[in-house]
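Undergrad: A structural model of the following input is requested.
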Amino acid sequence: MTQYDQVERAVGLAVEKFGSLDVVFNNAGIIINRPLREHSPEIYDKVVKVNQHGVFHGILAAGRKMVELNSKGIIINTASTNSFVVIKGGISYSASKAAVSMMTQVAAAELGEKGIRVVAIAPSGTDTPLVQDVKPFMQQRATINHARGELLQPDQIADVVGFLASDESNVINGSTVLLDDGMVGMKL
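TA: Numbering: from 1, shown residues only. Sure, this is the predicted structure:
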């Protein structure tokens, strides 16, 4: 994801195999939490290259190919609730995921006239390999911050992505959809 030519090749291979490009899901992310004073430009760059640049590459490659093919598709990006709420030690992660939300809006505005939708999802604590090293901490936060007190499950996120990829969601465009069990809205 951090190299545009690799993403462009992947998009080309998908079109070669399936004949069109209707849905692209830019689902990339790494977290390296450090208090601000212990952070470094190298850590920041590493996180931003995956979380922000990788998504940009996916939007660009998919958008170009969908326009070329006259596809009325959708590009779905993964942001985070950390685009909306502060987590100490998360300056690079939060900044990169907030950028995903803004890139989604800009891309939706520009690609909408071609019939292409661009949407982001913003999950909160989800039980994935990304959080395994800090799972007890994440579970404790979910107990406090999620209305039902549990970490989200990957299949719950996948269900929403499937809905967003469907025609039933065709009025959702340029939005970042919160998948947070109430965390951001209710400020639990």
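
Undergrad: where exactly do the strands run in the chain?
TA: 23-26, 74-78, 117-123, 176-179 (DSSP state E).

Undergrad: want to throw those strands into CSV with mean neighbour count?
TA: In this view, the C-beta of every residue, glycine as well, is placed from N, C-alpha and C. Supplementary listing: those in CSV, determined by neighbours: other Cβ atoms under 10 Å:
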stretch, mean neighbour count
strand 23-26, 21
strand 74-78, 24
strand 117-123, 24
strand 176-179, 20
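
Undergrad: Any idea which of the ones you listed gets closest to Pro35?
TA: Nearest of the strands of the chain to Pro35, taken as Cβ to Cβ: strand 117-123 at 23.7 Å.

Undergrad: Which stretches in this protein count as helices?
TA: Secondary structure of the chain by DSSP state H: the helices cover 4-18, 41-48, 54-69, 91-111, 135-145, 154-164, 183-186.

Undergrad: Just want the most central residue of the protein.
TA: What sits nearest the mean C-alpha location of the chain, by Cα atoms, centre = their mean, is Thr78, with 0.8 Å.

Undergrad: I'd like the distance between the spatially closest residue to it that is not a sequence neighbour and Met138.
TA: Excluding the flanking residues, the one nearest Thr78 by Cβ to Cβ, 6 or more residues apart in numbering is Asn27, at 4.6 Å. Distance of Asn27 to Met138, computed by Cβ to Cβ, to the nearest Å: 18 Å.

Undergrad: ok, these two, which is more surrounded?
TA: Taking other Cβ atoms under 10 Å, Asn27 and Met138 do not tie; Met138 has more neighbours (20 against 16).
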